[in-house]
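In: Okay, here's the prediction I keep looking at, along with the sequence it came from:
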Amino acid sequence: MKFLSARRPWTLRRRLVVSVVALFTLLSIVVGGISVVVLYGNLTTPINQQLEHSASIVESRAGVKSGSGGAERQFPTGGPAGQEPGSITAFSFKGTLSGSKTALLGGTNLTLTQAELKPFLQIKKSDVISDTSVPGLGSFRVIRTAQLTLAERDPNTGAVVATAPGYEYFAYPLDQTQSTLTRFGLALGGISLLGILMVALATWFIVSYALRPLRRVAATATEVASMELDRGEVDLSVRVPEADTDTRTEVGQVGAALNTMLGHVGDALQARQESESRVRQFVADASHELRTPLASIRGYAELTRRGNYNLPKDVTHSLGRVESEAVRMTSLVEDLLLLARLDAGRDIETAPVDLTLILVDCVSDAHAAGPDHDWELGVLDEPLFVEGDAQRLHQVFVNLLANARVHTPAGTRVRIGLQKTDRATAVVTIMDNGPGIPKKLQSDLFERFARGDSSRSRASGSTGLGLAIVKAVVDAHDGSVSVTSRKGNTTFRVELPLASDRLDS
């Protein structure tokens, strides 16, 4: 069962070709078998008629068949069996067999031995034609006459010395018939094989030609399937060619239905893109407009709190909370504004950036923010430059290290590594031995507003945008970011292309 389930499925072309060839092969076998049977009947019918004629002549004679006794026996040469070269005439007398075979050349009678005649004793029914094999002589078709009265005469005087019941046998050779049948079978088999080969090739080309429209439809569907339709602006202009959309054919019906579906999908994608664009524009505009009032709130709160005013402690505490929440709201607004700009496809500033220096700064900041974690940095002895925006890349690794710090308990070991690959890329890995990330969350970890559950304890609040910003910035740098996690080992991997002007150094 495992073998059958793992077997590669057949294509439609292969199934059609195999089906046609199998039907033709079956038809060839049936026709060939019928032809062989008919030819065999045509070849043996004259033999059967001759055997029946010979037996009827003998049975119509007087009921005494002469034989001769003594060491030298003589057999009749003028009987019916003597008319066919290669035939055998034999008779049984007193439980023994005697017989002769007419030679193919010259009609000379040859005396047969008891071993050669022994197969005739196995014939039990009279006037019934059967086949037997005579040792050393080949195959024969034999008939036995009805019971006769045979007489043995004295070779000197010719007087009858004994009579006894017996049978006479007539046998005609089948070697020529079987040889003809064999040659016909081989010729028929060769012609059938040639016909099967020709049918297979013709069917292969005909089916291949007939399936070309279906392959074009499948190619269109494959091209659409390879598009990234889940995000961004999508130009779904791919369609099945007009020649393959004729609804009078089955393939045309599929092609027309696919074009209709693609039209609906294209309209839906366009509507979705327009909606997302409006949302992004609203977020960008709202974020931009919120920056000024938030700065004012933060400024006035800080000014009031630091002013020489005799304020109650609860008011001072409230002003401090207003200021801290304004700072938090400002950070959220800045993150939303950054994502909106990246979604809009705005180009980032690019210049050669030394990842080593960025990681050193980020790890130093992380160590200051989380002294209860064990931070370990491993970098190369030489600078490693990538093409990018230093500020945005710094934000990427700050967010990743903050993620490792916030979502793991005190005492967690965090290792940061930097390597260079053979693909002209730099790889940064951030690994911790914390509790890990549940598998159900890993697929959505880089989505916006995605949050870890309670298994990764949080020491402070989170907007759920940190890892989304990481992915957006890395994607803008033509890089990739991924995560693998299990209990005791969570690794974030960031891969960025090296700076082109630094590859030879």
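Out: Thanks, I have the structure now. Numbering: from 1, shown residues only.

In: Phi, psi for residue 433 please.
Out: Reported as degrees, to the nearest 10, the phi and psi values for residue 433 are phi -100, psi 40.

In: before we move on, what about the one 10 residues further on?
Out: Geometry field for residue 443 lists phi and psi as phi -70, psi -30, criterion degrees, to the nearest 10.

In: before we move on, what about residue 415?
Out: phi -110, psi 130.

In: Any idea what it is bridged to?
Out: Legend: beta-bridge partners of residue 415 under DSSP bridges are residue 376, residue 431.

In: Can you measure across stretch 426-444, start residue to end residue?
Out: Terminal residues of stretch 426-444 are spaced 25 Å apart (Cα to Cα, to the nearest Å).

In: and that stretch, average pLDDT?
Out: Across stretch 426-444, the average pLDDT comes to 85.

In: Next: stretch 134-146.
Out: On average, stretch 134-146 scores 86.

In: So the most centrally placed residue in the chain, which state does it fall into?
Out: Closest residue to the average C-alpha location of the chain: residue 8 at 3.4 Å, with Cα atoms, centre = their mean. Per DSSP: H, G, I helix; E, B strand; the rest coil, the local secondary structure of residue 8 is coil.

In: Look up how far residue 204 lies from it.
Out: 18 Å (Cβ to Cβ, to the nearest Å). (Each C-beta comes from the backbone N, C-alpha and C, glycine too.)

In: Looking at this protein, which residue reaches furthest from the middle?
Out: Each residue of the chain has a distance to the centre, and by Cα atoms, centre = their mean the biggest one is for residue 157: 92.9 Å.

In: Reduced to three states, what does it come out as?
Out: coil.

In: Now do the strands for the stretch 151-300 of the chain: every range, in order, please.
Out: For the stretch 151-300 of the chain, applying DSSP state E, counting those that start in this stretch gives strands covering 160-173.

In: Tell me where the model's unsure across it.
Out: Across the stretch 151-300 of the chain, the ranges flagged by pLDDT under 70 are 151-155, 158, 160-162, 230-234, 283-285, 287-288.

In: Which parts of it are helices?
Out: Under the criterion DSSP state H, counting those that start in this stretch, the stretch 151-300 of the chain contains helices at 175-210, 212-225, 250-306.

In: related to what we said a few turns ago, next one: the residue nearest to the centre of the chain from residue 267, what distance?
Out: 38 Å.

In: do residue 282 as well
Out: Applying Cβ to Cβ to residue 282 and residue 267 gives a distance of 23 Å.

In: again with residue 359
Out: To residue 267, residue 359 is 47 Å away according to Cβ to Cβ.

In: Of these two, which one has the most company?
Out: Applying other Cβ atoms under 10 Å to residue 359 and residue 267 shows that residue 359 carries more neighbours, namely 23 against 11.

In: Could I get the pLDDT score of that one?
Out: Model confidence at residue 359 (pLDDT) stands at 90.

In: now do residue 66
Out: Confidence for residue 66, expressed as pLDDT, is 43.

In: Next: residue 123.
Out: 83.

In: again, but for residue 20
Out: pLDDT, read off for residue 20, is 91.

In: try the one 4 residues further on
Out: We note a pLDDT of 92 for residue 24 in this prediction.

In: and it, that one's in a strand?
Out: No. Per three-state DSSP, residue 24 lies outside any strand segment and is helix.

In: Any figure for the gap between the nearest residue to it once chain neighbours are set aside and residue 34?
Out: The shortest distance from residue 24 to any non-neighbouring residue, by Cβ to Cβ, 6 or more residues apart in numbering, is to residue 199 (4.8 Å). Using Cβ to Cβ, residue 199 is found at 19 Å from residue 34.

In: more neighbours, these two?
Out: Using other Cβ under 10 Å as the criterion, residue 199 and residue 34 rank with residue 199 on top: 18 against 10.

In: Pretty sure the more buried one sits against residue 21.
Out: Yes. With contact defined as Cβ atoms under 8 Å, residue 199 reaches residue 21; the gap is 6.1 Å.

In: Can you check which residues contact both of the two?
Out: Shared contacts of residue 199 and residue 21, defined by Cβ atoms under 8 Å, 6 or more residues apart in numbering, are absent.

In: re earlier: what would the helices of the stretch 151-300 of the chain look like in a markdown table with distance to residue 390?
Out: Shown next, in a markdown table, are these (distance: least, Cβ to Cβ, whole Å):
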| stretch | distance to residue 390 |
| --- | --- |
| helix 175-210 | 58 |
| helix 212-225 | 39 |
| helix 250-306 | 23 |
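
In: Nearest to residue 327, out of those helices?
Out: helix 250-306 (6.4 Å; Cβ to Cβ).

In: by contact count, what packs against that closest one?
Out: helix 212-225, helix 313-343 (3 or more Cβ pairs under 8 Å, 6 or more residues apart in numbering; DSSP states H and E).

In: How far away from the center of its chain is that helix?
Out: 42 Å (Cα atoms, centre = their mean, to the nearest Å).

In: I'd like to know how many residues surround residue 376.
Out: Residue 376 is flanked by 12 other residues according to other Cβ under 10 Å.

In: Sweet, I'm off.
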